[in-house]
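**Q** this one's structure only:
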Ligand code: FES
């Protein structure tokens with residue numbers, strides 16, 4: 001296996017256009033060896049050099065967890081994003097080499113669920129893809145309810161319908177009835193688990209419906225689309241352990257600025273969701289601009305904790321424990 005600075009080298013062997021916005025990329029080891037194993041719901045971070053910018057974007061692995069000969073990711077092109085998805089769509093061609101980090105799983109399956117109910121919207125189908133494959137191999141009971149914005153966005157849903165038949169319910173906007181999340185959950189047997197990935201409104205609707213029906217949090221799983229990195233006013237930050245002060249420019253997060261300066265900060269999701277990058281604030285003269293979903297309201301108010309992957313500051317002095 002080709003490893004370099006903790007990253008794996010992979011070769012892009014296939015790029016498919018699935019919808020007007022989504023392309024699927026297939027990667028293999030350049031020497032034909034096996035790639036590291038992963039479990040359903042895992043993601044990899046793709047590291048891309050784009051001129052003087054380095055993009056590090058996390059994408060769910062879509063293939064079968066039981067097939068280590070190749071990885072697949074689906075990338076939705078985000079026009080007004082920070083450039084990583086545009087780079088993959090425009091500059092990466094079949095045959096290219098890419099660097100990725102080892103798979104990590106922030107959206108694992110519940111092992112003892114009686115029934116797995118997946119609710120997804122648009123590109124939110126991607127983490128669910130490998131989960132369903134894992135359950136199919138284990139002959140576990142599952143169903144998918146997938147909403148898409150129109151007939152031109154159905155490629156992945158149709159692919160899954162061909163594979164899993166009536167267990168896949170597709171709701172095409174303008175063509176089918178709206179997905180009734182509460183109705184779906186109301187009929188599920190005791191011991192079911194629900195997994196939702198899609199727009200915030202879909203996640204909120206699922207969580208609220210499940211709570212209203214008496215489901216406990218341990219049976220409700222969600223993964224938000226997280227905007228990776230952040231933009232905003234520039235600020236300076238002192239990394240106490242390194243004994244340096246670095247500038248965080250308007251188009252980078254603290255994590256990205258620290259990486260560019262050659263310092264390692266732990267991370268997994270790069271989107272304020274997983275908690276891996278959490279650091280202590282040792283000194284502050286100003287205000288923190290918390291943009292994560294990880295810290296509690298209490299922690300945010302205390303101004304003592306900070307998530308370098310997304311959060312920013314408006315301050316004359318900030319010292320963190322990095
Ligand atoms: S890397 Fe996941 S919260 Fe920062």
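**A** Arrived safely, thanks for sending. This structure is a prediction, so every number in the text was calculated from the model and none was measured.
**Q** can you list the residues of the stretch 151-300 of the chain near the ligand?
**A** 267-270, 272-277, 292, 294 (C-beta under 6 Å from any ligand atom). The C-beta positions use only the backbone N, C-alpha and C, and glycine is treated the same way.
**Q** swap the cut-off to 5 Å and go again
**A** Residues of the stretch 151-300 of the chain lying near the ligand by C-beta under 5 Å from any ligand atom: 267, 269, 272, 274, 276-277.
**Q** Please pick the buried ones from those.
**A** Among those, the ones that count as buried by 16 or more other C-beta atoms under 10 Å are 267, 269, 272, 274, 276-277.
**Q** got those as JSON lines, with secondary structure and pLDDT columns?
**A** Putting these into JSON lines (DSSP: H, G, I helix; E, B strand; the rest coil; pLDDT from 0 to 100) gives the following:
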{"residue": "267", "secondary structure": "coil", "pLDDT": "89"}
{"residue": "269", "secondary structure": "coil", "pLDDT": "85"}
{"residue": "272", "secondary structure": "coil", "pLDDT": "89"}
{"residue": "274", "secondary structure": "coil", "pLDDT": "87"}
{"residue": "276", "secondary structure": "coil", "pLDDT": "92"}
{"residue": "277", "secondary structure": "coil", "pLDDT": "95"}
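**Q** Tell me the one of these nearest residue 248?
**A** residue 277 (13.9 Å; C-beta to C-beta).
**Q** do you know how far the residue of the stretch 1-150 of the chain found nearest the ligand is from residue 276?
**A** Using C-beta to the nearest ligand atom, the closest approach of the stretch 1-150 of the chain to the ligand is made by residue 106 at 8.1 Å. Taken as C-beta to C-beta, to the nearest Å, the spacing of residue 106 relative to residue 276 amounts to 9 Å.
**Q** got any residues that touch both of the two?
**A** Here residue 106 and residue 276 have 268-269 as joint contacts, going by C-beta atoms under 8 Å, 6 or more residues apart in numbering.
**Q** what separates the closest residue to residue 173 other than its chain neighbours from residue 157, distance-wise?
**A** Nearest residue to residue 173 in three dimensions, chain neighbours excluded: residue 149, at 5.1 Å (C-beta to C-beta, 6 or more residues apart in numbering). Residue 149 sits 11 Å away from residue 157 when distances are taken as C-beta to C-beta.
**Q** who has more neighbours, those two?
**A** residue 157 (20 against 14; other C-beta atoms under 10 Å).
**Q** what ranges of the protein fall below the confidence cut-off?
**A** Applying pLDDT under 70 to the chain flags the ranges 1-6, 226-227.
**Q** Can you pull the domain assignment for it?
**A** Listed by automatic domain parsing, the domain ranges of the chain are 3-105, 115-224, 235-320.
**Q** end to end, how far does the second one reach?
**A** End-to-end distance of domain 115-224: 22 Å, with C-alpha to C-alpha, to the nearest Å as the criterion.
**Q** Now that the residue nearest to residue 173 has come up, it's in contact with residue 123, right?
**A** No. With contact defined as C-beta atoms under 8 Å, residue 149 does not count as touching residue 123 (10.6 Å).
**Q** what about the helices in the stretch 201-322 of the chain?
**A** With helices called from DSSP state H, counting those that start in this stretch, the stretch 201-322 of the chain shows them at 254-260, 297-302.
**Q** Just name the most buried of the ones you listed.
**A** helix 254-260 (a mean of 22; mean count of other C-beta atoms under 10 Å).
**Q** And that helix, how far out from the chain middle?
**A** When C-alpha coordinates are averaged (C-alpha atoms, centre = their mean, to the nearest Å), helix 254-260 and its chain have centres 19 Å apart.
**Q** Tell me how far the residue of the stretch 1-150 of the chain closest to the ligand lies from residue 224.
**A** 11 Å.
**Q** okay, and the common contacts of the two?
**A** Taking C-beta under 8 Å, 6+ apart as the criterion, residue 106 and residue 224 both touch residue 273.
**Q** who are the neighbours in contact with the closest residue to residue 285 other than its chain neighbours?
**A** Nearest residue to residue 285, sequence neighbours excluded (C-beta to C-beta, 6+ apart): residue 317, at 4.1 Å. When contacts are counted by C-beta under 8 Å, 6+ apart, residue 317 touches 238, 283-286.
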